[in-house]
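Engineer: Coordinates only, no sequence provided:
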């Protein structure tokens, strides 16, 4: 997320880039630590409204924490490639030997069944823009997902009830946070609560062409 942070700093945002060990425990343990750390650093800077830009699991951590301890100074949120309805890859691989060694406990909670964490969290109640990718650099994992997908999460699974805007880009899951189109649309949503009309129109046209 460093390129994203640098891009937002250039246009006037103060940023805190929070790293975390995604395999260190379940979502219930990771979310309070990570979100509280980010909020604390932002509040030290004097922020009155705190926006979030999350990638993948980060969006689920924020959803979990805000549901269990609502954030009073939460501003707008942009999620990049979030498994908001879980990932079909987890459904298909959770019984493989050594699964949790690679996914961690938090990853194992990201299935698409009714008991998965993303599904149980329900609709969002904050201003949210979701950016989903359609590129992939892993043919093997992409084959486990409904098309279109970003190699880790299907476009359909990124959607969530209550979101305010949605944008599809041609990036893979790994590199979606390093794209100029994602930079400028993240800035747009954080400032105005909407993605750029020209980019949404171009994405819609591309999808129709498929």
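Structural biologist: Perfect, thanks for sending it. For clarity, every value in this text was computed on a predicted model and none was experimentally measured. Numbering: from 1, shown residues only.

Engineer: show me the contacts for residue 165.
Structural biologist: 128, 129, 130, 189, 193, 194, 195 (CB atoms under 8 Å, 6 or more residues apart in numbering). For glycine as for every other residue, the C-beta is placed from the backbone atoms N, C-alpha and C.

Engineer: In this protein, what helix or strand scores lowest on average pLDDT?
Structural biologist: helix 99-108 (a mean of 72; mean pLDDT, DSSP states H and E).

Engineer: could you pull out the helices for the chain?
Structural biologist: 2-10, 27-44, 57-68, 88-93, 99-108, 117-121, 139-142, 155-158, 180-192, 197-209 (DSSP state H).

Engineer: Quick one: low-confidence residue ranges for this protein.
Structural biologist: Across the chain, the ranges flagged by pLDDT under 70 are 95-103, 205-210.

Engineer: any chance of the contacts of residue 165 in TSV, with distance to residue 177 and neighbour count too?
Structural biologist: Formatted as TSV, the contacts of residue 165 follow (distance: CB to CB, whole Å; neighbours: other CB atoms under 10 Å):
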residue	distance to residue 177	neighbour count
128	17	25
129	14	23
130	14	25
189	14	24
193	20	14
194	20	15
195	16	23
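
Engineer: Nearest to residue 8, out of the residues you listed: which one, please.
Structural biologist: Comparing the contacts of residue 165 against residue 8 with CB to CB places residue 189 closest, at 11.4 Å.

Engineer: how close does that closest one get to residue 79?
Structural biologist: The gap separating residue 189 from residue 79 is 10 Å, by CB to CB, to the nearest Å.

Engineer: The contacts of residue 165 in strands, which ones?
Structural biologist: Those of the contacts of residue 165 mapping onto strands are 128, 129, 130, per DSSP state E.

Engineer: And the second one, how far from residue 181?
Structural biologist: Relative to residue 181, residue 129 is positioned 13 Å away (CB to CB).

Engineer: Also the last one?
Structural biologist: The spacing between residue 130 and residue 181, counted by CB to CB, is 14 Å.

Engineer: How about the first one?
Structural biologist: Applying CB to CB, the value for residue 128 to residue 181 is 19 Å.

Engineer: count of neighbours near residue 117?
Structural biologist: 22 (other CB atoms under 10 Å).

Engineer: contacting residues for the spatially closest residue to it that is not a sequence neighbour?
Structural biologist: Spatial nearest neighbour of residue 117, chain neighbours left out: residue 109 (4.2 Å); criterion: CB to CB, 6 or more residues apart in numbering. Applying CB under 8 Å, 6+ apart to residue 109 gives the contacts 26, 27, 116, 117.

Engineer: So the last one sits against residue 30, correct?
Structural biologist: No - using CB atoms under 8 Å, residue 117 makes no contact with residue 30, being 11.1 Å away.
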